[in-house]
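*Asks:* When you get a sec, could you give me coordinates for this:
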Amino acid sequence: MIDYYLGMIDEKRLYAGADDTDPKTRSEQLCEANFYTGELKLLKNAPNEARPLLRAAQKDCPPTFYESHGASAELKRLRF
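*Replies:* Numbering: from 1, shown residues only. Below you'll find the model as predicted:
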């Protein structure tokens with residue numbers, strides 16, 4: 001995520017890095033990738049690109065993950 005935020009890797013490489021042979025790990029990393037990619041798109045004033053990523057994070061992140069709650073909060077904020 002840090003390399004993505006710093007512009008050292010692109011989105012395609014970020015998602016490739018989230019791919020793991022363990023399904024649980026892959027799911028958790030995809031959750032984080034969706035949330036933080038959505039957040040960066042919001043920072044770049046691209047809410048229409050951020051919404052589907054945040055919805056995916058809200059839907060797929062385990063309820064114990066901060067990203068799940070963060071995605072819900074951002075989606076509520078974007079409705080206004």
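*Asks:* Does Tyr5 touch Tyr36 like I think?
*Replies:* Yes - if you go by C-beta atoms under 8 Å, Tyr5 and Tyr36 touch, sitting 7.5 Å apart. The way it works is simple: take the backbone N, C-alpha and C, and place the C-beta from them, glycine included.
*Asks:* quick one, which of these two is more surrounded?
*Replies:* Remark: of Tyr5 and Tyr36, Tyr36 carries more neighbours, 19 against 14, as counted by other C-beta atoms under 10 Å.
*Asks:* how much space is there between the residue lying closest to that one once chain neighbours are set aside and Gln58?
*Replies:* Sequence neighbours aside, Met1 is the residue nearest to Tyr36 in space, at 5.1 Å (criterion: C-beta to C-beta, 6 or more residues apart in numbering). Plainly put, Met1 is 18 Å away from Gln58 if you go by C-beta to C-beta, to the nearest Å.
*Asks:* same deal with Ala50?
*Replies:* Counting by C-beta to C-beta, the gap from Ala50 to Gln58 is 12 Å.
*Asks:* So if I had to pick from those two, which one is more boxed in?
*Replies:* Legend: neighbour count by other C-beta under 10 Å for Ala50 and Gln58, higher for Ala50 (24 against 21).
*Asks:* I'd like to know how far that one sits from Ala73.
*Replies:* Applying C-beta to C-beta, the value for Ala50 to Ala73 is 13 Å.
*Asks:* repeat for Arg55
*Replies:* With distances taken as C-beta to C-beta, Arg55 is found 13 Å from Ala73.
*Asks:* Next: Ala18.
*Replies:* According to C-beta to C-beta, Ala18 and Ala73 sit 22 Å apart.
*Asks:* which of the two has more neighbours?
*Replies:* Legend: neighbour count by other C-beta under 10 Å for Ala18 and Ala73, higher for Ala18 (19 against 12).
*Asks:* which residue packs closest to that one, ignoring adjacent ones?
*Replies:* Leaving aside its chain neighbours, Ala18 sits nearest to Gln29 (3.8 Å; criterion: C-beta to C-beta, 6+ apart).
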